[in-house]
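Visitor: Generate coordinates for the sequence data below:
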Amino acid sequence: MITTDDEVRALASTVTDPEIPVLSIADLGILRDGHLEKDGTVRLTITPTYSGCPAMDTIRADLATVFAKAGHEKVEVDLVLSPAWTTDWMTDEGKAKLQEYGIAPPTGKAHAGGPIKLGLAVKCPQCHSLNTREMSRFGSTSCKALYVCQDCHEPFDYFKVL
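Guide: As a prediction, the model looks like this:
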């Protein structure tokens, strides 16, 4: 049975993103908080990568399952939209996992409300060439774009800076 807030966050961090299973919700930066309330309820706070993210229901269910297996039947998962999630919240370990998985990680920092950024080259996760081009602004999920490498000719997803 879990008895500390650190244990709550550690167990919640074992849940993976259903769309990118190599990333935990902690790696992705969507796990905002986790604690044990006095009545034994586990309360977790998550922020979706975007407001209509279809993975949130699955993540909620996965969190309830992992805590039920640890002996906690009362699990409340709060979905918080503000402040909005940003790729700046992704861990460096998470970005490295994306690269190893074949998805180019986000580069640079998000600047909400700031100047419009110029597009820079996206490095191919297979051959590491910068000779790439965007094929589609939206890839396999809304938070990714589809690119192709001009050198090795492999298509790949790029996790957009948000």
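Visitor: from here on, contacts and neighbour counts on C-alpha atoms
Guide: Noted.
Visitor: separation between the residue of the chain most remote from its centre and Thr107?
Guide: For the chain, the C-alpha farthest from the mean C-alpha position belongs to Asp39; by Cα atoms, centre = their mean, that distance is 30.3 Å. The gap separating Asp39 from Thr107 is 43 Å, by Cα to Cα, to the nearest Å.
Visitor: Lys38 too?
Guide: When distance is defined by Cα to Cα, Lys38 is 41 Å away from Thr107.
Visitor: can you list the domains in this structure?
Guide: The chain is divided into the following domains under automatic domain parsing: 5-79, 92-159.
Visitor: Compare Lys38 and Thr107 and say which is more crowded by neighbours.
Guide: Relative neighbour count places Thr107 above the other of Lys38 and Thr107, with 17 against 7, counting by other Cα atoms under 10 Å.
Visitor: Does the residue nearest to the more buried one when sequence neighbours are not counted belong to a helix, a strand or coil?
Guide: Distances taken as Cα to Cα, 6 or more residues apart in numbering put Val161 closest to Thr107, at 6.6 Å, once the chain neighbours are dropped. Taken by DSSP: H, G, I helix; E, B strand; the rest coil, the conformation at Val161 corresponds to coil.
Visitor: Phi, psi for Val161 please.
Guide: Backbone dihedrals for Val161, given as degrees, to the nearest 10, come out at phi -70, psi 120.
Visitor: Many thanks, have a good one.
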